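Student: Need a 3D model of the sequence below.
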Amino acid sequence: MSIKTKIAAVALAALAVSGSIAATTSQAEAKPLGWAIGAGVATAAIVGTAVAASNQPYAYGYHRCGWVAQYNAFGQYVGNVRTCY
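Tutor: Below you'll find the predicted structure:
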């Protein structure tokens, strides 16, 4: 999953959580909800920054990928698998 997808997923989750917190079972009153929207955006920014910072850095702009031998539980060769690190 790419960083953009992770950030979008976290932002959507934060928006859903802030919307569910704002929607309570009390009587409906017409009042500004600017604080709820601001809290959702701030939460999404904080969580998105944490997700972006937790990824490992790229080597020269790219992940290093290669083929590694794969073995089963009995030590028999079953093929190669591409791994990136």
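Student: For Gly79, give me its contacts.
Tutor: Counting by CB atoms under 8 Å, 6 or more residues apart in numbering, Gly79 touches 69-70. Quick note: C-beta positions are derived from backbone N, CA and C, even for glycine.
Student: Go again with 7 Å.
Tutor: Taking CB atoms under 7 Å, 6 or more residues apart in numbering as the contact definition, Gly79 lies against Gln70.
Student: What segments of the protein are helices?
Tutor: With DSSP state H applied, the chain shows helices at 3-22, 34-54, listed in chain order.
Student: mind putting those in TSV, distance to Phe74 and mean pLDDT included?
Tutor: Putting the helices of the chain into TSV (distance: least, CB to CB, whole Å; pLDDT from 0 to 100) gives the following:
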stretch	distance to Phe74	mean pLDDT
helix 3-22	38	76
helix 34-54	37	79
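Student: separation between the nearest residue to Ala39 once chain neighbours are set aside and Arg82?
Tutor: The spatial neighbour of Ala39 that comes closest, neighbours along the chain excluded (CB to CB, 6 or more residues apart in numbering), is Ser18 at 5.6 Å. For Ser18, the distance to Arg82 under the criterion CB to CB, to the nearest Å works out to 40 Å.
Student: Look at these two and report which has more neighbours.
Tutor: Legend: neighbour count by other CB atoms under 10 Å for Ser18 and Arg82, higher for Ser18 (21 against 8).
Student: Flag every buried residue along stretch 8-21.
Tutor: By neighbour count with 16 or more other CB atoms under 10 Å, stretch 8-21 contains the buried residues 10-11, 14-15, 18.
Student: Tell me which residues are up against it.
Tutor: Residues outside stretch 8-21 that contact it (CB under 7 Å, 6+ apart): 36, 39-40, 43-44, 47-48, 51.
Student: List only buried entries from the residues you listed.
Tutor: Members of the contacts of stretch 8-21 that pass the buried threshold by neighbour count (16+ other CB under 10 Å) are listed as 39-40, 43-44, 47-48.
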